[in-house]
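Novice: The sequence and its predicted three-dimensional model are supplied below.
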Amino acid sequence: MRVFRTFLLEALRAQHWLVTLSEAKGLCRWESLGKLLRFFASLRMTINRGSVSGWALFVAVAGAALAGEYDCDVAVIGGGSGGFGAALAAARLGLDVVLVEKGDCLGGTSTRGGVNCWEIGCGGTGIPFDLYKELKKIPKAVGIYTFGRHAGTFDPSRESFRYPGGETVIDPGRRYLDTLRRHIPRGDKNSPEYRRAHFHGLPFEPEAMAKTMRAMLDATGHCRVWLNTAFVSAEANDGRVRSIQLSNGSRLRARHFIDSTGDGLVCVAVGCEAMTGQEPCGRFNEPTAPTNATARVNGVTLIYRITPGKEPAAENTPVKCWWAGRFPSAQINHLPNGDLNINMLPTMEGKEFMQLGYDAALAECQKRVRAHWRYLQNYAEEFRRFRLVWIAPALGVRETRRIVGEYVLNENDLLAGLSGQKHPDIICLADHMMDTHGGHSKHRGELTEPYGVPYRCLIPKGFRNLLVACRASSFSSLAASSCRLSRTMIQLGQAAGTATALAKELNVDLPAVPTDRLRSALREQHVQLEHPMPAALRSHLERE
Ligand SMILES: Cc1cc2nc3c(=O)[nH]c(=O)nc-3n(C[C@H](O)[C@H](O)[C@H](O)COP(=O)(O)OP(=O)(O)OC[C@H]3O[C@@H](n4cnc5c(N)ncnc54)[C@H](O)[C@@H]3O)c2cc1C
């Protein structure tokens with residue numbers, strides 16, 4: 001009995017060593033130094049005690065770690081909104097999670113891409129609400145906005161100039177519940193008065209968001225976060241991903257894999273079918289899709305930020321818009337500290353982005369940002385009281401490829417709404433309008449009610465231990481233009497992470513996870529699956 005107890009204790013300690021070593025290899029940064037010191041302290045304790053079982057285990061796990069071989073329950077690849085939701089949900093349910101992110105922080109498009117705003121919309125009641133509550137503890141990290149001026153509603157009797165796009169301003173009187181109210185029963189949702197009264201989103205500080213995501217994952221005690229580590233390739237057979245190869249030379253095996261790379265990179269590497277461009281209307285019987293397939297994808301934006309202050313006039317920057325007839329309008333969000341976040345609509349058309357490739361597109365967009373900023377300064381005196389303080393390090397990419405899953409969400413789902421959909425496996429709600437930026441949607445205006453996203457949209461066709469939880473999930477091009485919002489992505493991740501825990505508990509493959517069990521688990525985690533919102537969920541959200 002005593003030998004067994006000693007063995008168990010040493011096994012736990014050995015697992016800690018493995019975690020320490022793997023984090024050190026994965027991070028390769030200053031923060032790993034502290035962990036290595038902790039590792040050597042543990043090692044000295046064991047040597048002092050001279051435990052044979054401990055030594056044996058230590059040699060085994062350290063050998064594996066140094067050889068670059070790791071195991072876990074769930075490997076989440078990509079630490080953006082979807083990946084964060086997936087890793088947190090699985091780790092909170094006790095699974096051993098590794099989250100692999102190629103960038104130097106978490107949050108993806110919503111932090112490094114400068115999309116520092118959660119758009120208004122239903123859904124967003126599970127992990128996003130927990131995240132909001134944590135952010136609120138940090139001064140000026142998050143606010144709630146109300147619509148301000150808009151080019152389309154310019155009123156010369158009240159405004160000195162036509163705003164160069166749309167503006168949102170921080171509204172301290174608003175609460176989280178207000179941000180979930182895109183669908184309320186009466187009113188003209190396209191009118192400016194309605195928008196000012198009812199449309200409220202959440203701007204946030206990207207650094208605070210990335211740190212809070214990390215702290216929440218660390219608090220579970222079950223998630224290893226490997227930053228600056230990229231997915232390189234995958235090994236799969238018989239409908240299962242076996243392992244993935246990472247840029248730090250290591251190999252990661254897992255029971256389940258969740259592709260949250262935004263681009264479906266893991267899925268493509270293992271041979272899943274992918275869609276790009278616009279599908280023809282015949283493929284999913286979408287009423288407003290084009291007759292023939294097109295190569296059009298949603299535009300990309302390089303977001304920038306201005307702060308109150310003066311800067312010298314940028315004499316050498318061209319004032320003419322060389323890539324379009326005129327400078328694009330912009331969505332300009334006030335941030336809680338008074339800075340403005342500027343989101344050109346868009347900086348580059350999706351087709352041009354796909355042709356140029358990421359690096360060339362980023363370099364070209366950096367030039368366009370400077371030109372756009374100079375244009376704004378010339379356009380209105382108000383902007384001359386600001387200076388350019390930040391250009392997002394990553395391009396804001398709205399759409400690349402989407403993976404064909406067990407079900408493909410399409411325009412018919414969006415138009416039918418929750419009351420008209422017959423799917424038994426809905427795992428989150430959404431209601432954003434079809435918002436294509438590249439101008440290829442004929443459907444304009446708001447949807448009439450929220451719609452649901454089925455669990456099958458996360459299951460790449462033919463795969464048994466792989467899910468895709470990000471903007472590359474199984475959506476038609478038109479559905480993706482509505483569904484891609486950050487909070488929706490977090491909720492897709494939350495469903496994916498929860499599904500992996502159920503699959504482990506029931507010892508079944510991911511497509512066989514009972515969807516009634518999955519939906520019950522999500523309801524327990526305060527995910528909204530009904531519309532209108534149940535009273536109990538509303539009272540949970542009132543306690544912010
Ligand atoms: C310009 C723009 C404006 C938008 N405006 C809004 C808005 O106002 N409100 C809103 O709610 N939504 C908005 N959206 C949509 C929303 O921000 C995105 O759709 C959402 O953030 C995507 O989340 P994701 O998890 O799918 O992908 P991402 O956030 O892009 O995450 C993917 C992650 O995977 C990582 N990754 C990629 N390749 C690898 C690899 N090989 N190895 C390891 N990691 C890898 C990336 O570094 C990244 O961190 C906007 C999007 C854009 C582009």
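Specialist: That came through, no problem. Numbers count the residues shown, from 1 in each chain.

Novice: For the protein, which residue gets nearest to the ligand?
Specialist: Of all residues in the chain, G80 sits closest to the ligand, at 1.9 Å by C-beta to the nearest ligand atom. Bear in mind the C-beta positions are built from the backbone N, C-alpha and C, glycine included.

Novice: Residues of this structure that sit close to the ligand?
Specialist: Residues of the chain lying near the ligand by C-beta under 6 Å from any ligand atom: 77-83, 100-103, 108-110, 113, 115, 117-119, 230-231, 260-262, 265, 301, 343, 396-398, 470-471, 484-487, 489.

Novice: Would you show me how to pick out the buried ones of those in ChimeraX?
Specialist: What follows is the ChimeraX syntax selecting those of the residues of the chain next to the ligand that are buried according to 16 or more other C-beta atoms under 10 Å:
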select :77,78,79,80,81,82,83,100,101,102,103,108,109,110,113,115,117,118,119,230,231,260,261,262,265,301,343,396,397,398,470,471,484,485,486,487,489
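
Novice: Please name the bridge partners of L99.
Specialist: Counting by DSSP bridges, L99 is bridged to V76, V225.

Novice: Could you tell me which of the residues of the chain next to the ligand belong to strands?
Specialist: Among the residues of the chain next to the ligand, the ones falling in strands (DSSP state E) are I77, V100, C117, W118, F231, T301, N343, G396, V397.

Novice: Reformat those residues as JSON lines; add pLDDT.
Specialist: What follows is these, written out as JSON lines (pLDDT from 0 to 100):
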{"residue": "I77", "pLDDT": "99"}
{"residue": "V100", "pLDDT": "98"}
{"residue": "C117", "pLDDT": "97"}
{"residue": "W118", "pLDDT": "98"}
{"residue": "F231", "pLDDT": "98"}
{"residue": "T301", "pLDDT": "97"}
{"residue": "N343", "pLDDT": "97"}
{"residue": "G396", "pLDDT": "97"}
{"residue": "V397", "pLDDT": "95"}
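
Novice: Reformat the residues you listed as CSV; add distance to D188.
Specialist: As requested, those are exported to CSV (distance: C-beta to C-beta, whole Å):
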residue, distance to D188
I77, 43
V100, 46
C117, 24
W118, 24
F231, 46
T301, 28
N343, 25
G396, 30
V397, 33
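
Novice: any idea how far the most centrally placed residue in the chain lies from P139?
Specialist: Centroid-nearest residue in the chain: S81, 2.1 Å away (criterion: C-alpha atoms, centre = their mean). Using C-beta to C-beta, to the nearest Å, S81 is found at 24 Å from P139.

Novice: now do L506
Specialist: 44 Å.

Novice: higher neighbour count, the two?
Specialist: Neighbour count, other C-beta atoms under 10 Å: between L506 and P139, L506 has more, with 12 against 9.

Novice: residue contacts, that one?
Specialist: V513, P514, R517 (C-beta atoms under 8 Å, 6 or more residues apart in numbering).

Novice: what about the last one, helix or strand, and which?
Specialist: Pointing back at R517 there. Following DSSP states H and E, one finds R517 within helix 515-524.

Novice: Give the other helices and strands that that helix contacts.
Specialist: Counting contacts by 3 or more C-beta pairs under 8 Å, 6 or more residues apart in numbering; DSSP states H and E, helix 515-524 packs against strand 426-430, helix 486-506.

Novice: following that helix, which helix or strand shows up next?
Specialist: Moving toward the C-terminus from helix 515-524, the next element (DSSP H and E) is helix 535-542.

Novice: That following helix vs helix 515-524, what angle?
Specialist: On the basis of axes from the mean of the first three to the mean of the last three C-alpha atoms, to 10 degrees, helix 535-542 is oriented at 40 degrees to helix 515-524.

Novice: ok now helix 535-542, how far from the chain's centre?
Specialist: From the chain centre to the centre of helix 535-542 is a distance of 25 Å (C-alpha atoms, centre = their mean, to the nearest Å).

Novice: do the same with stretch 172-192
Specialist: Relative to its chain's centre, stretch 172-192 lies at 23 Å (C-alpha atoms, centre = their mean).

Novice: how about that stretch: buried residues?
Specialist: R174, Y176, L177, D178, T179, L180, R182, H183, K189.

Novice: excluding its backbone neighbours, what's nearest the fifth one?
Specialist: Just to be clear, that refers to T179. H200 (5.0 Å; C-beta to C-beta, 6 or more residues apart in numbering).

Novice: Can you report how many residues lie near the one you found?
Specialist: For H200, using other C-beta under 10 Å, the count is 25.

Novice: same check, this time on the one 4 residues further on
Specialist: Here the count is done by other C-beta under 10 Å, and F204 has 27 residues near it.

Novice: A91 too?
Specialist: 27.

Novice: Next: R368.
Specialist: Using other C-beta under 10 Å, the number of residues around R368 comes to 22.

Novice: which two in the buried residues of stretch 172-192 are spaced the farthest apart?
Specialist: Y176 and K189 (20.5 Å; C-beta to C-beta).

Novice: In the stretch 151-300 of the chain, where is pLDDT below threshold?
Specialist: Residue ranges of the stretch 151-300 of the chain with pLDDT under 70: 185.

Novice: typo on my end, it should be the chain
Specialist: 1-67, 185, 313-318, 437-444.

Novice: and it, what are its domains?
Specialist: 1-67, 69-137+204-293+400-544, 300-397 (automatic domain parsing).

Novice: wait, which of those is closest to A151?
Specialist: Comparison of those against A151 by C-beta to C-beta identifies domain 300-397 as nearest, at 5.9 Å.

Novice: And the closest one, end to end?
Specialist: Start-to-end span of domain 300-397 (C-alpha to C-alpha, to the nearest Å) is 5 Å.

Novice: ok, L541 - how many residues close by?
Specialist: 19.

Novice: Please give me every residue in contact with the nearest residue to it once chain neighbours are set aside.
Specialist: Once flanking residues are discounted, L541 sits nearest to L177: 5.1 Å by C-beta to C-beta, 6+ apart. For L177, the contact set (C-beta under 8 Å, 6+ apart) comprises R538, L541, E542.
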